[in-house]
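Undergrad: after the sequence you'll find the predicted model.
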Amino acid sequence: MAAFIGAILLSPLPIMRMKHKAIGSATLGDYDEALRISRKWLRGETYGPKFQGWIMLMAGRYSEALELLKYAAFDEKGHPLPKSLYLYYYAIALMGEERYSEAQTLLEAAVIVPQNNEDGLRFILAECLLSQHEKPDRALDLVEEVRAKLEHF
């Protein structure tokens, strides 16, 4: 019985190790290895397609990233999930595909929702606006909001 309980308690450790190995491979630019690990070891809801989407984003394979991230960035009715980190990644992939207006729409919706990633959203929205040569004053305001917030720390 103790061996059974021990096995249950220790079973997440190999998965976490493989996750760290996949992240390390992606960080070092070995995206194929990161994908191989992910597809073999990390197939669940937490580390499945959306994790592979993050790897594809890191690899600059934006169209593949969009396909994999879609299910974590939008609900079953196709509405964006503004608090989802994967919506942020999805918007970055859209920008990589030079689909700036689509990214802007998603980012504008996300920045009005209080969340942990507010600063990152503001910066990426500013970059999106500037990439379109659109609303440079709004882009500057977004960056200034983040800067002012950081000065209070």
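TA: Happy to help now that I have it. Model, not experiment: these values are computed from the prediction.

Undergrad: all contacts plus neighbour counts: C-alpha atoms, from now on.
TA: Noted.

Undergrad: show me what contacts the residue most central in space within the chain?
TA: Taking C-alpha atoms, centre = their mean as the criterion, Tyr89 is the residue nearest the geometric centre of the chain, at 3.3 Å. Tyr89 makes contacts with 54, 57, 69, as judged by C-alpha atoms under 8 Å, 6 or more residues apart in numbering.

Undergrad: host element of it?
TA: In this structure, Tyr89 sits in helix 85-96 according to DSSP states H and E.

Undergrad: give the buried residues for that helix.
TA: 86-96 (16 or more other C-alpha atoms under 10 Å).

Undergrad: out of those residues, which is nearest to Ser25?
TA: Of all those, Ser25 sits closest to Tyr89, with 18.8 Å by C-alpha to C-alpha.

Undergrad: quickly note the distance from the closest one to Lys135.
TA: Distance, Tyr89 to Lys135, by C-alpha to C-alpha, to the nearest Å: 22 Å.

Undergrad: if we can go back for a sec, would you format the buried residues of helix 85-96 as TSV with pLDDT and distance to Asn117 included?
TA: Compiled in TSV, the buried residues of helix 85-96 are given as follows (pLDDT from 0 to 100; distance: C-alpha to C-alpha, whole Å):
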residue	pLDDT	distance to Asn117
Tyr86	93	11
Leu87	94	11
Tyr88	94	9
Tyr89	96	12
Tyr90	97	14
Ala91	97	13
Ile92	97	14
Ala93	98	17
Leu94	98	18
Met95	97	18
Gly96	97	20
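
Undergrad: can I get those residues in CSV including distance to Phe123?
TA: Formatted as CSV, these follow (distance: C-alpha to C-alpha, whole Å):
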residue, distance to Phe123
Tyr86, 16
Leu87, 15
Tyr88, 11
Tyr89, 13
Tyr90, 15
Ala91, 12
Ile92, 11
Ala93, 15
Leu94, 15
Met95, 13
Gly96, 15
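
Undergrad: break down this structure into its helices, ranges please.
TA: 2-10, 12-27, 31-41, 49-59, 62-73, 85-96, 100-111, 118-131, 136-151 (DSSP state H).
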